[in-house]
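J.: Below: sequence and its predicted model.
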Amino acid sequence: MNDKKQLLDELCILRIKLQEAAETRGSLTDPEVLAISEAADQLIVSLQNIQKRELNR
């Protein structure tokens, strides 16, 4: 459960960074914006895997 909380916290931070980077760069296709988005995607997949394991208990 602690892992889930940590991942959710990290995702929240990345969401803010993503919004700020998109506004600063003015483009959703900027390499920095894409890198942050990809990192967020990886966290989302990890969270989905945790949720899937929890449901299968």
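T.: Good, I have the coordinates.

J.: Quick one: the helices in this protein, in order.
T.: Counting by DSSP state H, the chain has helices at residues 2-25, 31-55.

J.: and the ones you listed as CSV, adding mean pLDDT and mean neighbour count?
T.: C-betas here are computed from N, CA, C, even on glycine. Shown next, in CSV, are the helices of the chain (pLDDT from 0 to 100; neighbours: other Cβ atoms under 10 Å):
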stretch, mean pLDDT, mean neighbour count
helix 2-25, 95, 13
helix 31-55, 96, 13
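
J.: Which residue, neighbours along the chain excluded, lies closest to the residue nearest the centre of the chain?
T.: By Cα atoms, centre = their mean, the mean C-alpha position of the chain lies nearest to Ala40, the distance being 2.2 Å. With sequence-adjacent residues excluded and distances taken as Cβ to Cβ, 6 or more residues apart in numbering, Ala40 is closest to Leu14, at 4.4 Å.
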